[in-house]
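> Following is a predicted model, sequence given first.
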Amino acid sequence: MEPILRLGLHVAILLGISLVATWAAAADAPALYQQHCAACHGADRLGASGPALLPENLARLKKADALATLKSGRPATQMPAFAGSLSDDEVAALAAWIYTPVTPAPRWTEDDIRASRIEYFAPGSLPNKPVFQADMLNLFVVVEAGDHHVSILDGDKMERIFRFPSRYALHGGPKFTPDGRYVFFASRDGWITKFDIWNLKVVTEVRAGINTRNAAVSSDGKVVAVANYLPGTIALFDADLELIKTLEAKNLKSDQTSRVSAIYDASPRHSFIAAMKDIPEIWEIAYDPQAKPIYDGYVHDYKMSEAIALPGYLNPRRTVLESPLDDFFFSQRYDAAMGTSREGKGQVVNLDVRRKIADLELPGMPHLGSGITWTLHGHRVMGSPNLKDGVISVIDMETWKTVGQIHTLGPGFFLRSHEGSRYAWADSMMSPEGRDTLQVIDKQTLQVVAKLRPEPGKTLAHVEFDRYGRYAIASLMEDPGALIFYDANTFMEIRRLPAAKPIGKYNLYNKITRSEGTSH
């Protein structure tokens, strides 16, 4: 059977469309795409004014939702509705076509990256002071996925200052420069956007890859690192998003490639830490120009330089593991990384000696990347939500033992708190029954002391505190949705702002100072 006919059979089974009609429509799917989609999404499906339409980029979009979007369009965008101009079979064929891999796999070279760069305002051309009045470190950046916009909120007045359109499907959380003036966004399609908060302007954009996981900004604000699934690279830029270099994610033998799961700024180490999806290595990439040389493999005498060394600056220093690790959480000094394997098993890796030092006792599928730390009975502990089980694990960060379990209404994605608050806030957004309820936890007794359910049946998640710990904002993740402000001590609702499916909000001060109550 020809590949396109096999595709038609798959679509027919999946969508319940007649086999003969689907085969006929599927045979024309490439032509339909070129006629109706290529102008916005690119002839090669890599994206243009519209997002890339590749299986890797559509992983979180259910096929039924893709079909609905093709039929009905997308409000507040240029995406038209095809229900009136294409038959159901043609729409189904297009929906199936965009989920098929492009072969050979698309490439995105350094020349492609440089050619994609867009400079809206030259460096130094915008005023060097804010154009509005506010506590500039108590601002919030809010990502609204419903119509792909970003809002800037005044954290004292609890009001929206500015709202602007973003690239499609921002992911990995915005990252700030140390002074809080600039914020960088990464989209699933690989676009990195630099936004000047003081002037409320997008200043530069560049496409770092085809499918991007996240970005990180160095603690000195001079280097931006981007982790890519497709191609498997780490792209390194200067502060103006001029490409410095790319690093291809390969193992030490160069016989296996990898997707890059994420990249993090390890501020105390003056380096980035990269997680690899497909190879058993952790990479540390120093952005200190005086970093020591890197010697891969065995060396008889380092002092005599009896090996060919890589410069320590912006090159990978490898920690080789038994199996790939993902979803990291770091100690406060960034000398230890807690990670999980694909099987959900956790371990601790010392980044100084570059080896595993402990196993973690964690149930289900822990979500370490959204954990927090606090002091419990004189010990620094870390709390991790769980994507599979309704439990939060509490881990002693000296012994690496699980010292407590907090049972919740169901699997959750985020845990948040603040240095000035006794309480941690957890969601159960992965649970059909508990997704509409936030649970407030006493960090000293490890007991749930309150449950907040403002809109039964509607997802409530992702809490972020203001810089002083006075209140917390939660996302009503609906479209239309809302930002709900709660008093951090009484848990009473104090304000609401309408928002289009707000998925994440980020307080500048908490992020820049690496608050123990939020992710980094």
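Looks like it came in fine. Numbering: from 1, shown residues only.
> Test my guess that Thr402 contacts Leu362.
Yes: assessed by Cβ atoms under 8 Å, Thr402 is found in contact with Leu362 at 7.2 Å. Yep, even glycine has a C-beta here, placed from its N, CA and C like the rest.
> Who has more neighbours out of these two?
Set side by side, Thr402 and Leu362 show unequal neighbour counts under other Cβ atoms under 10 Å, the larger going to Leu362 at 21 against 17.
> Check which helix or strand the more buried one maps to.
Taking DSSP states H and E as the criterion, no element holds Leu362; it sits outside all helices and strands.
> how much space between it and Val391?
As defined by Cβ to Cβ, to the nearest Å, Leu362 lies at a distance of 9 Å from Val391.
> Equivalent analysis for Lys222, please.
Looking at Lys222 against Val391, where the rule is Cβ to Cβ, the gap reads 41 Å.
> just Gly190 next, same as before
From Gly190 to Val391 the distance is 36 Å (Cβ to Cβ).
> Compare these two (neighbour count), which wins?
Neighbours per residue (other Cβ under 10 Å) separate Gly190 from Val391, with Gly190 holding more: 29 against 20.
> In contact with the residue nearest to that one when sequence neighbours are not counted: list those residues for me.
Sequence neighbours aside, Gly209 is the residue nearest to Gly190 in space, at 3.9 Å (criterion: Cβ to Cβ, 6 or more residues apart in numbering). Neighbouring residues of Gly209 by Cβ atoms under 8 Å, 6 or more residues apart in numbering: Trp108, Gly190, Val226, Asn228, Tyr229, Leu230, Pro231, Thr233, Ala235.
> Now do the contacts for the second one.
With Cβ under 8 Å, 6+ apart as the criterion, the residues that contact Gly190 are Ala52, Trp108, Arg207, Ala208, Gly209, Ile210, Asn211, Thr212, Val226, Asn228.
> beta partners for Ile484?
The bridge-partner assignment for Ile484, based on DSSP bridges, gives Ala474, Arg496.
> Now that we're looking at it, what pLDDT does it have?
The pLDDT attached to Ile484 in the predicted structure is 98.
> Would you list the phi and psi of Leu32?
Dihedral angles phi and psi of Leu32 (degrees, to the nearest 10) take the values phi -60, psi -40.
> what do you get for His36?
The phi and psi values for His36, taken as degrees, to the nearest 10, are phi -110, psi -20.
> Which residue, other than its chain neighbours, is closest to Gly232?
The spatially closest residue to Gly232, leaving aside those adjacent along the chain, is Ala249, at 4.2 Å (Cβ to Cβ, 6+ apart).
> Confirm for me that the one you found is in contact with Ile279.
Yes: in this structure, Ala249 is within contact of Ile279 by Cβ under 8 Å, at 7.3 Å.
> So for the two, which sits in the more crowded spot?
Neighbour tally, Ala249 and Ile279, criterion other Cβ under 10 Å: the higher count belongs to Ala249, 26 against 22.
> need the helices for this protein, in chain order.
Under the criterion DSSP state H, the chain carries helices at the ranges 3-15, 19-27, 29-36, 38-41, 63-72, 88-97, 110-116, 508-512.
> Only alpha carbons, please: show the third one as CSV.
It stands for helix 29-36. Included here for helix 29-36 are C-alpha records, laid out as CSV according to Å, rounded to 0.1, in the frame of the first residue of the first chain:
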residue,chain,number,x,y,z
ALA,A,29,-3.4,16.6,0.8
PRO,A,30,0.0,18.0,-0.3
ALA,A,31,-1.7,20.0,-3.1
LEU,A,32,-4.4,21.2,-0.7
TYR,A,33,-1.7,22.3,1.8
GLN,A,34,0.2,24.2,-0.9
GLN,A,35,-3.0,25.9,-2.1
HIS,A,36,-4.5,26.8,1.3
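> now for that helix, which elements pack on it?
Contacting helix 29-36 under the criterion 3 or more Cβ pairs under 8 Å, 6 or more residues apart in numbering; DSSP states H and E are the following elements: helix 88-97.
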